[in-house]
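**Q** starting from these lines, generate the structure:
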Amino acid sequence: MVCLALYCQLSIADILLAGGQAINSKMERMMDVVPEHIHDRSGIFLGSYDEVQKVIDVHKKHTK
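**A** Next comes the predicted model:
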């Protein structure tokens, strides 16, 4: 997980969505995150659809 300012993450997420996924540490799609301040920060998971889906599945399994 990398922690970057949201304005950097959204640019990267936009490019990556062509072949993968980008989610933040709250398991929300990065393109759905609305920053409240210009320098808001968040963790980010980037990767192929399958690899990021594994992160989502593990998170769901351990947050029940």
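
**Q** for the protein, which helix is longest?
**A** Under DSSP state H, the helix in the chain containing the largest number of residues is helix 49-62.

**Q** what average pLDDT does it get?
**A** Helix 49-62 shows a mean pLDDT of 92.

**Q** which parts of it are buried?
**A** Val52 (16 or more other C-beta atoms under 10 Å). In this view, the C-beta of every residue, glycine as well, is placed from N, C-alpha and C.

**Q** for the residue found closest to Glu51 once you drop the neighbours it is linked to in the chain, give me its contacts.
**A** Sequence neighbours aside, Gly20 is the residue nearest to Glu51 in space, at 7.6 Å (criterion: C-beta to C-beta, 6 or more residues apart in numbering). For Gly20, the contacting residues are Leu46, Gly47, Ser48, Tyr49, Glu51, Val52, taking C-beta atoms under 8 Å, 6 or more residues apart in numbering as the criterion.

**Q** what's the pLDDT at Gly20?
**A** Reading off the confidence values, Gly20 has pLDDT 80.

**Q** elements contacting the helix or strand containing Leu46?
**A** Taking DSSP states H and E as the definition, Leu46 sits inside strand 41-48. Other helices and strands packing on strand 41-48, by 3 or more C-beta pairs under 8 Å, 6 or more residues apart in numbering; DSSP states H and E, are strand 2-5, helix 6-16, strand 20-24, helix 49-62.
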